[in-house]
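Novice: Sequence first, then the predicted structure, then my questions.
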Amino acid sequence: MAKKTDKTEKKKSSTKRKIIKAIFVKDRVIAEKSDASRDLYNQSRFGTLLGTGELQFNTIEALYLLEKGRIELKEGRKKLTFDKFLHIAEELEPQLWTRFCVFKDLRNRGYMIQTALKFGADFRVYDRGVKPGEDHAKWLVFSVPESQGLTWYDFSAKNRVATSTKKRLLIAIVDQENDVTYYEIRWIRP
């Protein structure tokens with residue numbers, strides 16, 4: 001019986017994910033150069049690989065990974081908890097919580113997500129099973145708090161951006177309970 005227990009324990013420890021060490025400097029989160037960080041990038045496309053072999057996360061990715069227990073984040077020698085890092089990050093990005101709720105919801109549903117700053121959107125979302133770089137994103141996502149709403153001008157501008165980049169427009173409305181409702185908008189040609 002002891003042999004079976006030993007094998008089971010070895011199997012559990014080998015399949016357990018390693019926690020990646022990362023540091024927060026100014027507005028950047030840099031993960032150590034390691035097999036674990038490279039595996040995280042290759043499997044899930046979190047972060048951006050730097051020329052040094054390190055992995056850089058945006059604040060939303062870092063929050064998500066911190067909440068999931070995948071990274072250990074420090075600022076100098078001080079370990080940052082999820083709540084402490086959230087407080088710091090919200091000072092850097094005013095709409096961070098709304099965007100984080102959308103990011104978390106889409107990631108938990110199995111979608112690959114990249115930033116879409118160059119398109120003036122919050123995120124580019126790839127269909128399930130598609131990794132960035134293998135194909136183009138299917139949607140451009142704009143995160144909107146339920147209390148804020150959109151003007152017709154804002155809506156038209158977002159739709160124009162999505163259409164010009166040959167992507168579908170996805171408006172993500174985040175309510176007060178942090179639940180996300182998605183509205184997909186497509187052009188119809190009569």
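Specialist: Thanks, I have the structure now. In this text, all values refer to a predicted model and were calculated from it rather than measured experimentally.
Novice: Start and end of stretch 183-190, how far apart?
Specialist: Using Cα to Cα, to the nearest Å, one end of stretch 183-190 lies 21 Å from the other.
Novice: swap that for stretch 85-99, sorry
Specialist: 15 Å.
Novice: for stretch 43-63, same thing?
Specialist: OK, stretch 43-63 end separation, Cα to Cα: 18 Å.
Novice: residue contacts, Ala121?
Specialist: 140-142, 158, 161-162 (Cβ atoms under 8 Å, 6 or more residues apart in numbering). Glycine gets a C-beta too; all of them are placed from N, C-alpha and C.
Novice: now Leu66
Specialist: With Cβ under 8 Å, 6+ apart, Leu66 has these contacts: 73, 80-82, 85.
Novice: After the one helix or strand in the chain whose mean pLDDT sits lowest, heading C-terminal, what element do we hit next?
Specialist: Across the helices and strands of the chain, mean pLDDT, DSSP states H and E gives its lowest value to helix 2-15, namely a mean of 46. Sequence order places strand 20-25 as the next helix or strand after helix 2-15, per DSSP states H and E.
Novice: What strands flank that following strand, and is each parallel or antiparallel?
Specialist: Next to strand 20-25 in the sheet, as set by DSSP bridges, lie strand 28-31 (antiparallel), strand 71-75 (parallel).
Novice: Excluding sequence neighbours, find me the nearest residue to the residue nearest to the spatial centre of the chain.
Specialist: Centroid-nearest residue in the chain: Glu61, 4.2 Å away (criterion: Cα atoms, centre = their mean). In space, Glu61 comes closest to Phe46 once its chain neighbours are excluded; the distance is 5.3 Å by Cβ to Cβ, 6 or more residues apart in numbering.
Novice: ok, now Gln56?
Specialist: Thr48 (4.9 Å).
Novice: ok, the one you found - how many residues close by?
Specialist: 14 (other Cβ atoms under 10 Å).
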